[in-house]
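Asks: no sequence for this one, just the structure:
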Ligand code: 13P
């Protein structure tokens, strides 16, 4: 069974509204022939115009975080319900930077993922180990532990996208080898199999993230357990189109 590849750009805290608009306008004609699911995740403030600009294009828009409540006294937060209302279809949840700087826990991630699904949005749930954990031989234990908690009690797990992002490969220029990336995405798939059965494991899409660039995407995508990429730095210029169009390279 074939899983549709999904390539998403996580812009993190980059691009003012006019810069976001400029990049989106530049990228639209470059990715219009894409055969993969292509998602841009700009900062909140850019979302409304991003949704508007990408209407009638193959590009979908995602947010980088959301709250699990619909409204209320949560100063500084944005509800999933608000994102859905403006046409956002995807949301990154539990990125390692949010776990590190905003103390997000696996329990928070699980609540957010469930809420996103309830709202018919696709959660991109992030997991991944630190360098220290990998060096101690604990990478598998960490990733499996996160996935078990993050994806607990979900009605239809096949609607979730999981992004395996080893923290030591994020923004460092140090990509995991294809074998390391595929092995860890395999741990995620195996955990989904244990939790939800072989059918769910076969259908769920798993991305690799961490220093993905135009010159390593082809080999990463050739790995059996890797169904896409979550791209940080290299999603901030028009060269992102070379990643999205990886399957068109000769
Ligand atoms: P880089 O591609 O900049 O390493 O970032 C990866 C990432 O964190 C995507 O969410």
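Replies: Nice, thanks for sending it over. From a predicted model like this one, the values you see are computed outputs, not experimental measurements.

Asks: residues in contact with stretch 177-187?
Replies: 128, 139-140, 143-144, 147, 164, 166, 175-176, 206, 208, 210, 219-220, 222-227 (Cβ atoms under 8 Å, 6 or more residues apart in numbering). For every residue, glycine as well, the C-beta is placed using N, CA and C.

Asks: Now the chain against the ligand: closest residue?
Replies: Using Cβ to the nearest ligand atom, residue 232 is the residue of the chain that sits closest to the ligand, at 2.3 Å.

Asks: and the top helix by length along the chain, average pLDDT?
Replies: Using DSSP state H to define each element, the chain has its longest helix at helix 178-196. Confidence for helix 178-196, expressed as mean pLDDT, is 98.

Asks: hmm, it in reach of the ligand?
Replies: No. Using Cβ under 6 Å from any ligand atom, helix 178-196 never reaches the ligand; the gap is at least 12.3 Å.

Asks: and the next helix or strand after that helix, how far from the chain's centre?
Replies: Of the helices and strands lying after helix 178-196 in sequence (DSSP states H and E), the nearest is helix 198-203. Offset of helix 198-203 from its chain centre (Cα atoms, centre = their mean, to the nearest Å): 19 Å.

Asks: Dihedrals phi and psi, the residue in the chain sticking out farthest from the centre?
Replies: Within the chain, the residue lying farthest from the chain centre (Cα atoms, centre = their mean) is residue 73, at 27.9 Å. Note on residue 73: its backbone torsions stand at phi -80, psi 80 [degrees, to the nearest 10].

Asks: re earlier: wait, the residue of the chain closest to the ligand sits on residue 12?
Replies: Yes. The pair formed by residue 232 and residue 12 meets the contact definition of Cβ atoms under 8 Å, at 6.0 Å.
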